[in-house]
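Enquirer: structure here, sequence nowhere to be found:
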């Protein structure tokens, strides 16, 4: 065997090794991307669960939430607490929206978040919150909320908090 044949075999072995390495890296990147999407969705879920757990743990906040389901305008401390709670929910949802733009949240998870927000924004008190505080969101998020969420009809066979 001469040096040219040995060099050719070395080139073939090197090419195969590079190809195997690239395939391995592609598989790893796909797995990491999937894991990132699941982790992002889990973080959003945990943040929303923490917020809504406050309603179960705090009777006064629960009563404010019930009032927000009945009335368009809340007054005084109730307004401050509802606006603060709602702002926290909106920050979580805006973060999820931005993560979705980066394809970091699975579509099935996004559908559930969207349905939650459609129902949430259908509460009578949400309109006053949105009028007073929507400017805290990014222009892109405001446009999305108004065209896709607030304008979407809530599911009619559900009852808002405070509804009879």
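Expert: The structure has been received and is ready for your questions. Everything numeric in this text was worked out from a predicted model, so none of it was measured.

Enquirer: where does the prediction get shaky in this structure?
Expert: Within the chain, the stretches with pLDDT under 70 are 1, 34-42, 155-164.

Enquirer: which residues in the chain form helices?
Expert: 3-57, 59-68, 76-101, 107-121, 126-133, 139-144 (DSSP state H).

Enquirer: what about the closest residue to residue 117 other than its chain neighbours, neighbour count?
Expert: Spatial nearest neighbour of residue 117, excluding adjacent residues (C-beta to C-beta, 6 or more residues apart in numbering): residue 149 at 5.1 Å. For glycine as for every other residue, the C-beta is placed from the backbone atoms N, C-alpha and C. When neighbours are counted by other C-beta atoms under 10 Å, residue 149 registers 20.

Enquirer: ok, now which ones touch residue 149?
Expert: Applying C-beta atoms under 8 Å, 6 or more residues apart in numbering, we find residue 149 in contact with 114, 117-118, 121.

Enquirer: before we move on, back to that, quick one, which of the helices of the chain is nearest to residue 154?
Expert: Of all the helices of the chain, it is helix 107-121 that lies closest to residue 154, at 5.0 Å by C-beta to C-beta.

Enquirer: can you name every helix or strand that the closest one contacts?
Expert: helix 3-57, helix 76-101 (3 or more C-beta pairs under 8 Å, 6 or more residues apart in numbering; DSSP states H and E).

Enquirer: winner for burial among these?
Expert: helix 76-101 (a mean of 17; mean count of other C-beta atoms under 10 Å).

Enquirer: separation between the residue nearest to the spatial centre of the chain and residue 149?
Expert: Most central in the chain under C-alpha atoms, centre = their mean is residue 96, positioned 2.6 Å from the mean C-alpha point. Relative to residue 149, residue 96 is positioned 12 Å away (criterion: C-beta to C-beta, to the nearest Å).

Enquirer: do residue 102 as well
Expert: Residue 102 is 19 Å from residue 149, by C-beta to C-beta.
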